[in-house]
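Participant: Attaching a predicted model along with its sequence, questions to come.
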Amino acid sequence: MDRRLEEIDPLEERYRGATPKEDEDRTVEEALLAHLDPLIEQHLITEVLRPIKTGKEAVVYCCAAHPTLERELVAAKVYRPFETRSFKRDAVYQQGRERGSRPDARVLKALGKKTRRGRLHKFSAWIAHEERTLRILHDVGADVPEPIERVGPVVLMEYLGDAEDPAPMLTNVVLEEDEAGQLYDQVLRNVDLFLKHHRVHADLSAFNLLYWNGRAVVIDFPQAVDPRYNDDAFDLLIRDLRNLNGFFEEHGVDGVDPIEHSLAIWREHVDPLR
Ligand SMILES: Nc1ncnc2c1ncn2[C@@H]1O[C@H](COP(=O)(O)OP(=O)(O)O)[C@@H](O)[C@H]1O
Ligand SMILES: [Mg+2]
C-alpha cells in the first residue's frame, strides 16, 4: 500500500477513546447545542433529549422528532467548528472531490485558498458530502441511516436505537461466530453496493458499524471518496477491508483477501482493466 496512506491512521484513531475533558467547556457544548436551534425553528425537531456520543469531530444528539417527520426520534450529528480542525490530513479524502460535485468557479477558487473563507467552504463541503453520500446510498438500499436534512453544521438522520439506548457500536457487542459471519457478509455486500454507486467509505471499521435489530448499519461518511476521481480510492478500499477483517477475524470469521477482493469488485464496478 501507498506509504502515505499507511502514515495516515484511519480517521477514527484521532479520537478513539477520547473523553472530552470535563472543562472542555460548557461553552463548547452550548455552542454546539445552539446549532440545533434552527432545527427547532424549522420544525424538524421539538427537543434535544441527550447527547449520544461526544467525539473529536462531532457530537451526536438524540432528539425528539417534529410530528411532521412521522417518527419519534432522530439523530443530529453536530460537527465541531472548523476553526478547531486541521484539514491537513483530510487532503487524501478531499482530492478529486470537487470534480465529483462540480461547484462553481467561485467555490473552486475559495477551496484552493488557505483563507478563513476557503476553510469554511471546505468545512461545509465536508458536511454536505456526508449528507449527500447517505442520500445516495440509502436510496439504493444500503444499510445506512436515512438522512433527513442538513442544516448548517448539522446532519439530521434516522436514529438507530430505542428510547432508552442508542444502538451500540459493533465493537461493544458480544457476537457468536455464526452471527459474526452473517454480519461480515452483510457489510461486504454493502461495500460492494457503495462501490457500485461510486463510494469507498474510507474509514470503515467496527467503530463505524452500529448493531441494530440483528443487523449492521454503516455510519460516518464525511471522508468517503469517489473511485472515479480519487487516486487513492483503491488503496483506501483495501484498507477498509483490512480493518473489517481485523475485527471479524477475531470473531472467528474467515475474511476475504483484501487485495483480491478489492480487485474483483473494482473490475466489476470501476475499471475492468485494472
Ligand atoms: N444515526 C445514529 N443513530 C444512533 N447513534 C448514532 C447515529 N449516528 C451516530 N451515532 C453515534 O454517534 C457516534 C459518532 O458518530 P459518527 O458518525 O461515527 O461520528 P464521529 O465518529 O465522526 O464522531 C457513533 O459511534 C454512534 O455511537
Ligand atoms: Mg465514527
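Facilitator: Done, it's in. Note that the structure is a prediction, hence the values are computed from the model and not measured. Ligands and ions are numbered 1, 2, ... in the order given.
Participant: Let me know the distance separating Ala58 from Pro222.
Facilitator: Applying CB to CB, to the nearest Å, the value for Ala58 to Pro222 is 9 Å. Every residue, glycine included, has its C-beta placed from N, CA and C.
Participant: can you check Ile238 too?
Facilitator: Taking CB to CB as the measure, Ile238 falls 20 Å from Pro222.
Participant: Please apply the same query to Pro38.
Facilitator: 20 Å.
Participant: Please say which of these two ends up with more neighbours.
Facilitator: Pro222 (22 against 13; other CB atoms under 10 Å).
Participant: Got the phi and psi for whatever residue of the stretch 51-200 of the chain ends up closest to ligand 2?
Facilitator: Proximity of the stretch 51-200 of the chain to ligand 2 (CB to the ion) peaks at Gly55, 6.4 Å away. Phi and psi for Gly55, reported as degrees, to the nearest 10, are phi -120, psi 180.
Participant: now swap in the one 10 residues further on and tell me
Facilitator: Listed backbone geometry of Ala65 is phi -80, psi 150, with angles given as degrees, to the nearest 10.
Participant: what's the neighbour count on it?
Facilitator: 20.
Participant: got a list of what it touches?
Facilitator: Leu44, Ile45, Thr46, Arg71, Glu72, Leu73, Val74 (CB atoms under 8 Å, 6 or more residues apart in numbering).
Participant: For beta bridges, what are the partners of Pro51?
Facilitator: Judged by DSSP bridges, the bridge partners of Pro51 are Tyr61.
Participant: Make 488 the first number, not 1, from now on.
Facilitator: Shifting the count to begin at 488 puts that one at Pro538.
Participant: who's in contact with it?
Facilitator: Applying CB under 8 Å, 6+ apart to Pro538 gives the contacts Val546, Val547, Tyr548, Cys549.
Participant: Quick one: mean pLDDT over the helix or strand where the first one lies.
Facilitator: In this assignment (DSSP states H and E), Val546 forms part of strand 545-552. Within the predicted structure, the mean pLDDT of strand 545-552 is 97.
Participant: So is it next to ligand 1?
Facilitator: Yes - Strand 545-552 is in contact with ligand 1 by CB under 6 Å from any ligand atom, via Ala545, Val547.
Participant: from the chain's centre, how far out does that strand sit?
Facilitator: How far strand 545-552 lies from its chain's middle: 15 Å, per CA atoms, centre = their mean, to the nearest Å.
Participant: right, and the helix or strand after it?
Facilitator: In N-to-C order, the element after strand 545-552 by DSSP H and E is strand 560-566.
Participant: angle of that following strand against strand 545-552?
Facilitator: If you take axes from the mean of the first three to the mean of the last three CA atoms, to 10 degrees, strand 560-566 sits at 150 degrees to strand 545-552.
Participant: Direction included, what does strand 560-566 pair up with?
Facilitator: Taking DSSP bridges as the criterion, strand 560-566 sits next to strand 545-552 (antiparallel), strand 641-645 (antiparallel) in its sheet.
Participant: looking at the ones you listed, which is buried most?
Facilitator: Counting by mean count of other CB atoms under 10 Å, strand 641-645 has the highest mean neighbour count of these, with a mean of 23.
Participant: near ligand 2, anything from that one?
Facilitator: No - contact of strand 641-645 with ligand 2 is not found when judged by CB under 5 Å from the ion; the minimum separation is 12.5 Å.
Participant: Would you mind confirming that Asp713 makes contact with Gly583?
Facilitator: Yes - using CB atoms under 8 Å, Asp713 is in contact with Gly583, at 6.6 Å.
Participant: more crowded one of those two?
Facilitator: A count of neighbours by other CB under 10 Å puts Asp713 above the other of Asp713 and Gly583, at 19 against 16.
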